[in-house]
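Q: I would like the atomic coordinates for the input below:
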Amino acid sequence: MVLALPPALAAASINFDPALPEAVVKAARATPVWMGGVTKAVASYPDAFWRRAGLSGSGISHVGPMREVHDMSGVDGVPGALFGFVPARQVGAPTVSEAAIIEQFVTMFGPEAGLADAIHICDWRSELFTSPPGVEQLTAYQMFGHKAFRGPSFGGRLYWTSTETASTSPGHIEGALEAAERTAGQIRSQLTSHVATRTP
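A: Below you'll find the model as predicted:
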């Protein structure tokens with residue numbers, strides 16, 4: 001089986017029978033979920049008005065709730081959309097408000113940013129299939145790519161393949177691709193070995 005869930009989410013939400021080795025469980029429970037404690041906010045507009053002003057729609061900010069903002073508009077800027085990631089201010093703190101999002105977008109992109117058609121807020125901390133309970137407290141980022149996930153569990157029957165298991169670029173698409181390539185190579189090697197042992 002190929003398991004593409006973050007290890008901490010798998011440990012919290014799946015009943016393994018037989019149980020996972022204790023060392024694997026310990027590592028899984030300590031491994032952060034990439035962006036698991038973050039809120040994603042999207043503001044939609046009739047069009048990408050910022051492009052008319054010569055702005056890219058992307059930015060990094062240390063003022064306001066969002067640390068990074070990106071343009072995610074449709075083809076030719078219709079509809080327009082800006083989204084940003086909001087780190088938790090502190091463990092258990094409420095997520096960002098619509099007013100705070102609009103205020104930051106207006107500061108960054110001008111008064112038209114205050115005329116959003118809609119604001120969508122998703123606090124990933126509360127998403128059952130994204131984050132385990134207590135995700136904000138998982139901060140041991142050195143656990144990414146831990147050796148417990150580099151090889152399969154259960155004698156080759158369970159492969160860990162989420163971006164958190166990658167040794168390079170964990171948390172990013174590059175890490176997910178590395179994990180997938182590692183798993184594919186391990187499965188291929190196992191199948192080749194199995195066929196070789198059965199060949200007369």
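Q: all strands for the protein, in order.
A: Per DSSP state E, the chain carries strands over the ranges 2-3, 38-45, 59-60, 68-71, 80-87, 118-123, 159-160.
Q: could you report the neighbour count for Val38?
A: 21 (other C-beta atoms under 10 Å). To be clear about C-beta, it is placed using only N, CA and C from the backbone, and glycine gets the same treatment.
Q: now do the one 10 residues further on
A: Residue crowding around Ala48 was assessed by other C-beta under 10 Å; the count is 23.
Q: buried sites along stretch 40-58?
A: Buried residues in stretch 40-58, counted by 16 or more other C-beta atoms under 10 Å: 40-45, 47-50, 57.
Q: which residues does that stretch contact?
A: Here stretch 40-58 makes contact (C-beta atoms under 8 Å, 6 or more residues apart in numbering) with 66, 68-73, 77-86, 96, 101-102, 105, 109-110, 112-113, 115-122, 124.
Q: repeat that for stretch 91-105.
A: With C-beta under 8 Å, 6+ apart as the criterion, stretch 91-105 contacts 39, 41, 43, 61, 63-66, 69, 82, 84, 86, 88, 113-114, 116, 119, 121, 123, 125, 136-137.
Q: ok so, going back, and of the buried residues of stretch 40-58, the nearest to Thr192?
A: Nearest to Thr192, judged by C-beta to C-beta, of the buried residues of stretch 40-58 is Lys40 at 41.6 Å.
Q: distance of the closest one from Phe149?
A: From Lys40 across to Phe149, the span is 26 Å (C-beta to C-beta, to the nearest Å).
Q: ok, of the contacts of stretch 40-58, which come out buried?
A: 66, 69-71, 73, 77, 80-86, 96, 101-102, 105, 109, 112-113, 116, 119, 124.
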